[in-house]
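*Asks:* I would like to see how this sequence folds:
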Amino acid sequence: MSEETLVQETVVQEERPVPMDSAQRGDGPFVWRFLLWHRLAHALAILTFYTLVLTGLPLRYSSAPFSPALIDFFGGVERAGFIHRTAGGIMIGYTLIYIVYLVARLWKNREKRLAWLWGSDSLVPHPQDARDFIQQWKYFFGKAEPARFGRYGYLEKLDFLGEVWGFVIIGGSGVLLWFPEFFGAFLPGWWFNVATVLHGVEALLATCFIFVVHFFNVHVRPDKWPMDAVMFHGRATVQYMEEEHPEMMDQIEAVIDEPISETPIPDRRAPAPGRRASFIASAFGFLALAIGFAIIGMILWAVTFS
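*Replies:* Model prediction:
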């Protein structure tokens, strides 16, 4: 290669714009990471969770300056309560559907059970996650190489299990408070007092976790800023996968030379996100980030000045 050609390629590489979406960083082909139903479920979870938070904050901080405006936005106390319960019912519904799906999947594919429960593709925590945690913290202080994550790292598993725990506590207490006449027929009254406390405290904890820990890990940290839209359009560059999930590279490299799959198939080559997909992902992502930061601001405002 001539020196002139090398200089031209270097200039082109330096002039290539850096994408806002960290999942599109670097060169190389794209691979599918998430299926369509993963992305739709994630979008539905965002919409229901935000609805629950925005309709629940005025109850948690009823004396906060922003509470009357939020209640008015949702059409008054009764309508806000109806919207809150509807969003809660939808969340319970898709969670139960997902549980049934997992049970059916494990039952039908018994030979893959161990891999799904204990392999590198599993969302179930195992000893390797503790070793990755220790190594990653050593890496933060320059004492080790970064941990090599499989399909899911320990922070992604923490996100998932945190939501499972939150669903059990918030969902269970919410159903109890939703149907007091039914449960009051056989439960003592103090159960409802405990449910009220647990529902509010756990909901606040879940909100702060999502909008602080999850947002930082997925969108705010330097190599992710301003967003990682892989969950919105479902695909990422090979460089992204090599940096974020290096333990998956053997199975990705085994099929990377195959033709592009227009149908989402995990770890197979994918077409690059088009302008429309990138725009929708960015618009939805930035809107979600903006509302999330606004909610954190409202909570800090209420806790500090109320």
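
*Asks:* quick check: next helix or strand after the host helix or strand of R131?
*Replies:* Secondary structure from DSSP states H and E places R131 in helix 127-140. Per DSSP H and E, the first helix or strand lying C-terminal to helix 127-140 is helix 154-166.

*Asks:* and V53, what does it touch?
*Replies:* Taking C-beta atoms under 8 Å, 6 or more residues apart in numbering, we find V53 in contact with A203, T207, I295. In short, each C-beta sits where N, CA and C put it, glycine included.

*Asks:* just the element for it, please.
*Replies:* Using DSSP H and E, the element containing V53 is helix 36-60.

*Asks:* excluding chain neighbours, what is closest to L44?
*Replies:* In space, and not counting its chain neighbours, L44 is closest to Y94: 6.1 Å by C-beta to C-beta, 6 or more residues apart in numbering.

*Asks:* buried stuff in the helix or strand hosting that neighbour?
*Replies:* Secondary structure assignment for Y94, by DSSP H and E: helix 77-108. Using 16 or more other C-beta atoms under 10 Å as the burial criterion, the residues of helix 77-108 that qualify are A80, G81, I83, H84, R85, A87, G88, I90, M91, I92, T95.

*Asks:* and what of stretch 192-200?
*Replies:* By 16+ other C-beta under 10 Å, the buried positions in stretch 192-200 come out as F192, A195, L198, H199.

*Asks:* for the helix or strand hosting the first one, name the packing helices and strands.
*Replies:* Looking back up the chat, that one is F192. If you go by DSSP H and E, F192 is part of helix 190-208. Secondary-structure packing of helix 190-208 (3 or more C-beta pairs under 8 Å, 6 or more residues apart in numbering; DSSP states H and E): helix 36-60, helix 154-166, helix 172-178, helix 180-184, helix 275-305.

*Asks:* make TSV from the ones you listed and add distance to D250 and mean pLDDT to it.
*Replies:* Listed next are the helices and strands packed on helix 190-208 as TSV, based on distance: least, C-beta to C-beta, whole Å; pLDDT from 0 to 100:
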stretch	distance to D250	mean pLDDT
helix 36-60	22	93
helix 154-166	20	85
helix 172-178	42	94
helix 180-184	52	94
helix 275-305	28	90
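
*Asks:* sweet, I'm off.
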